[in-house]
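S.K.: With the input below, show me the fold.
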Amino acid sequence: MTHEDNHGLQTAAWRFLLLAIVLFIFEGCATTTSGSLGGNAGAIAWRIEDATVQVEPGRTTWRYLLKLRNTTGIGLQLNQLTRTATGQKVKASVTEKPIDLRIGPGDEIEGLCFDSVTALAPGDIRSYYSLKILRTYSGQDDRGNPVRIEFDVELNSSMPVRKPSLLNFAWLTVESTATRRLICETTPKETKVFDPSHHDFVYLLIGIDNVQRRVPARTRWLDPLGQEIKVITSEINAVNVSRTSSFVHVTHSLATSVMRSRPGKWKVELYLDEKPQGTYEFEVVPPGATPAPRRL
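M.R.: Numbers count the residues shown, from 1 in each chain. Below you'll find the model as predicted:
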């Protein structure tokens, strides 16, 4: 074997080793950060998107968007959720909640989800690495047949980091949530268009995160001409709230009766701790301009 041949073999070996290292790093990152991000569970295809993690002393929190798609030609009505949480150094827990989740044939729905674990021992500041949420839905299809859907969502601390923020989310909706405990399956959808003939109020749903205290909240409601119609102040009470899967929230609302003579683009300005958090726009159409909502 010549010197040139030996040099060529060494070069090829180094290239192979380098490629192996690159593949190992790439595959390692992919397997440790993704977890279970989607799959099929009977009549439902599910997936999670935009999953992030936030690590605090003694507490780790995940936030993600859960999407459920009905893969059949039959509508589904889900009435019960059982949520089982397990994980590394996590005390297992089982919670059951009534829900009212309608998924039409071929439809896809989505909800913002929030899961967290806290330290088992007082003063424990270690970060938790993983959390597995087994979600079991039960109900019936449009033919009256019982339906059971079950799948795992796996979360870990290698997911993209979410920066601490006082505001968790805020959007406009037609539903009041004043007396409800919100989880992703029971959080009302965002609404951008309101008809005073069908909607009695416009609600701004405000969810906070990262604090266990009373948070002052203020909203300014502005008509299409920019005139201030109403200012609402309140407190979001997050003192001693057990936060594992629900949102700490409040709603501010304005009756659509004052909007009947002012159709057009409205705005709501939101302030927390007297600091601006965003402006939320919605449209008010002339009364009777939209069809009455269909009852499911």
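
S.K.: From residue 240, how far off is residue 71?
M.R.: The gap separating residue 71 from residue 240 is 42 Å, by CB to CB, to the nearest Å. All C-beta spots, glycine's among them, are computed from the backbone N, C-alpha and C.

S.K.: Between these two, point out the one with more neighbours.
M.R.: residue 71 (13 against 7; other CB atoms under 10 Å).

S.K.: Next up, the contacts around the more buried one.
M.R.: 40, 43-45, 106 (CB atoms under 8 Å, 6 or more residues apart in numbering).

S.K.: Can you name the residues that contact the nearest residue to residue 93 once chain neighbours are set aside?
M.R.: Distances taken as CB to CB, 6 or more residues apart in numbering put residue 85 closest to residue 93, at 4.9 Å, once the chain neighbours are dropped. By CB under 8 Å, 6+ apart, the contact set of residue 85 is 92-94, 115, 117, 131-134, 244-245.

S.K.: Over to residue 85. Which of the three states is it?
M.R.: In three-state terms, and counting by DSSP: H, G, I helix; E, B strand; the rest coil, residue 85 is strand.

S.K.: Relative to residue 37, how far out is it?
M.R.: Residue 85 is 18 Å from residue 37, by CB to CB.

S.K.: buried ones in the helix or strand that residue 46 is a member of?
M.R.: Per DSSP states H and E: residue 46 is located in strand 44-56. Under the neighbour-count criterion of 16 or more other CB atoms under 10 Å, strand 44-56 has 44-48, 51, 53-54 buried.

S.K.: residues in contact with that strand?
M.R.: By CB under 8 Å, 6+ apart, strand 44-56 touches 35, 37-40, 60-71, 76, 103, 113, 127, 137, 149, 151, 153, 155-164, 210.

S.K.: so where does the residue lying closest to residue 100 once chain neighbours are set aside fall, helix or strand?
M.R.: Of all residues not flanking residue 100 in the chain, residue 79 sits nearest, at 6.9 Å (CB to CB, 6+ apart). Following DSSP H and E, one finds residue 79 within strand 76-86.

S.K.: Now do that strand against strand 44-56, angle only.
M.R.: 40 degrees (axes from the mean of the first three to the mean of the last three CA atoms, to 10 degrees).

S.K.: ok, then the element right after strand 76-86?
M.R.: Counting by DSSP H and E, what follows strand 76-86 is strand 93-103.

S.K.: strands paired with that following strand, and their directions?
M.R.: strand 76-86 (antiparallel) (DSSP bridges).

S.K.: Give me the distance from the partner strand to the chain's centre.
M.R.: Strand 76-86 sits 16 Å away from the centroid of its parent chain (CA atoms, centre = their mean, to the nearest Å).

S.K.: Which of the residues in that strand are classified as buried?
M.R.: For strand 76-86, the buried set under the neighbour-count rule, 16+ other CB under 10 Å, comprises 76-78, 81, 83-85.

S.K.: strands paired with the helix or strand harbouring residue 168, and their directions?
M.R.: Using DSSP H and E, the element containing residue 168 is strand 167-173. The strands that strand 167-173 pairs with in its sheet are strand 201-208 (antiparallel) (by DSSP bridges).

S.K.: and the partner strand, what's its mean pLDDT?
M.R.: Taken as a whole, strand 201-208 carries a mean pLDDT of 93.

S.K.: Next secondary structure element downstream of it?
M.R.: Following strand 201-208 in sequence, per DSSP H and E, is strand 214-222.

S.K.: Output that next one as PDB, nothing but the C-alphas.
M.R.: Output in PDB follows, covering the C-alpha atoms of strand 214-222 (Å, rounded to 0.1, in the frame of the first residue of the first chain):
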ATOM      1  CA  ARG A 214     -53.300  39.800  43.600                       C
ATOM      2  CA  VAL A 215     -52.700  41.400  40.200                       C
ATOM      3  CA  PRO A 216     -54.500  44.700  39.300                       C
ATOM      4  CA  ALA A 217     -56.200  44.500  35.900                       C
ATOM      5  CA  ARG A 218     -57.700  47.400  33.900                       C
ATOM      6  CA  THR A 219     -59.300  47.600  30.500                       C
ATOM      7  CA  ARG A 220     -60.300  50.500  28.300                       C
ATOM      8  CA  TRP A 221     -63.100  49.900  25.700                       C
ATOM      9  CA  LEU A 222     -62.900  52.200  22.700                       C
END
